[in-house]
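Participant: Predicted model and sequence follow; I will ask about them next.
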Amino acid sequence: MGIKQAPTEQGREGARGLRHETAREEQKIESRKGSDLKKGEERFEERSKSSDGKSAGTKQKPRAH
């Protein structure tokens, strides 16, 4: 949930904290890696593969119709 969509001030504060911590973690990883992290679809695929070596598409279970 985004900061503006949170129904309470406590929720908005939590969303701000989460966003801040995520940005700090990303910055730390980028400095250790020596380059920016990929953004968008490429990043999703890269992170999916790094978790267990499989592409996101191969992890999907076929939907029963």
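Facilitator: Looks like it came in fine.

Participant: Sticking with Glu21, tell me its helix or strand.
Facilitator: Using DSSP states H and E, Glu21 maps to helix 9-33.

Participant: mind listing what's buried in that helix?
Facilitator: Neighbour-count burial for helix 9-33, counted by 16 or more other CB atoms under 10 Å, picks out 12, 15. All C-beta atoms are positioned from the backbone trio N, CA, C, and that covers glycine.

Participant: I'd like the average pLDDT over that helix.
Facilitator: For helix 9-33, mean pLDDT rounds to 86.

Participant: Which other helices and strands does that helix contact?
Facilitator: Applying 3 or more CB pairs under 8 Å, 6 or more residues apart in numbering; DSSP states H and E, one finds that helix 9-33 contacts no other helix or strand.

Participant: Look up how far Lys28 lies from Asp36.
Facilitator: Taking CB to CB, to the nearest Å as the measure, Asp36 falls 13 Å from Lys28.

Participant: same check, this time on Gly34
Facilitator: Between Gly34 and Lys28 the computed distance is 12 Å (CB to CB).

Participant: Also Leu18?
Facilitator: 16 Å.

Participant: Check Gly40 too.
Facilitator: Gly40 sits 21 Å away from Lys28, going by CB to CB.

Participant: cool, and Thr22?
Facilitator: Relative to Lys28, Thr22 is positioned 11 Å away (CB to CB).

Participant: do the same with Gly14
Facilitator: Per CB to CB, Gly14 is found 21 Å from Lys28.

Participant: Pull the number of nearby residues for the closest residue to Arg12 other than its chain neighbours.
Facilitator: Spatial nearest neighbour of Arg12, excluding adjacent residues (CB to CB, 6 or more residues apart in numbering): Ala6 at 4.3 Å. Using other CB atoms under 10 Å, Ala6 is surrounded by 15 other residues.

Participant: ok, Ala6 touching Gly14?
Facilitator: Yes. With contact defined as CB atoms under 8 Å, Ala6 counts as touching Gly14 (7.3 Å).
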